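> Pasting a predicted model and its sequence here:
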Amino acid sequence: MADKEPVVERPVAEEEGEEDEDSLLDMKAKLYRFDKDGNQWKERGTGTVKLLKHKENGKVRLVMRQAKTLKICANHLVISTTKMQEHAGSDKSCVWHAADFADGELKDEMFAIRFGTVENCKKFKDLVDEIAESLAKNEGGESEEGSSAAGLLEKLSVSESKPEESAAKEESTDASKETETKVATAPSE
């Protein structure tokens, strides 16, 4: 019988934008998102949650990917205002708020995460709390910086515009510059 190689190869972390980051934590868990409209928790995915520290700027982000598809179900920075709370219903779960970018746009989300053991949950919660506390001590005014950064990120959301719209915007900008030039160079009477 001949050996066959797999038809589908699983992407490596280096190809997923994590090559400039060191892993501080890597555990299996199940993630939930609170749906405000339906007033209920909805499963976001089961997979690996990671805390990744950037090698150059030292920022830590929480990334979670679904096990089989590797689709991102959580992607946000751990900032000084990140507060992990124990979930009232289970000692294997934590709850927190974050400005998440998993869907390609910045959204304020409420997450819950459930681990297989109480120890894993405690380890996750303690590490996130430790990172947030050290940021608060080191940067003092981080909460203001964090909210202004969040505001700037909201303005930077990626959107596809049609070529005609881009051309029209450029033409209107050129026309307004031309008008300004005429006004500025008009002879004074």
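Ah, there it is. Residues are numbered from 1 along each chain as shown.

> Would you mind pulling up the elements that the host helix or strand of residue 41 packs against?
Applying DSSP states H and E as the criterion places residue 41 in strand 40-54. Contact partners of strand 40-54 among helices and strands, from 3 or more Cβ pairs under 8 Å, 6 or more residues apart in numbering; DSSP states H and E: strand 21-35, strand 60-66, strand 72-77, strand 107-114, helix 118-139. All C-beta atoms are positioned from the backbone trio N, CA, C, and that covers glycine.

> Show me the one of those that comes nearest residue 90.
When the helices and strands packed on strand 40-54 are compared for distance to residue 90 using Cβ to Cβ, the nearest one is strand 107-114, at 6.5 Å.

> what's next to the strand holding residue 41, contact-wise?
Under the criterion Cβ atoms under 8 Å, 6 or more residues apart in numbering, residues 18, 20-35, 59-67, 70-71, 73-74, 78, 111-113, 124, 127-128, 131 lie in contact with strand 40-54.

> which of those residues are buried?
Buried subset of the contacts of strand 40-54 (neighbour count, 16 or more other Cβ atoms under 10 Å): 18, 21, 25, 27, 29-33, 60-65, 73-74, 78, 111-113, 124, 127-128, 131.

> quick one: residue 73 from residue 101, how far?
Distance from residue 73 to residue 101, counting by Cβ to Cβ, to the nearest Å: 12 Å.

> now do residue 79
Note on residue 79: its distance to residue 101, by Cβ to Cβ, is 13 Å.

> same thing with residue 124?
Counting by Cβ to Cβ, the gap from residue 124 to residue 101 is 20 Å.

> One more: residue 115?
Distance, residue 115 to residue 101, by Cβ to Cβ: 23 Å.

> More neighbours: which of these two?
For residue 115 versus residue 101, the count of surrounding residues by other Cβ atoms under 10 Å is larger for residue 115: 22 against 18.

> Would you agree that one is in contact with residue 27?
Yes: because the distance of 6.6 Å satisfies Cβ atoms under 8 Å, residue 115 is recorded as touching residue 27.

> shared neighbours of these two, anything?
Residues within reach of residue 115 and of residue 27 at once, by Cβ under 8 Å, 6+ apart, are residue 124.

> wait, what's in contact with residue 83?
Residues touching residue 83, when contacts are defined by Cβ under 8 Å, 6+ apart, comprise 96, 97, 129, 132.

> just checking, it is part of a strand?
No: remark: residue 83 does not belong to a strand; assigned using DSSP: H, G, I helix; E, B strand; the rest coil, it is coil.
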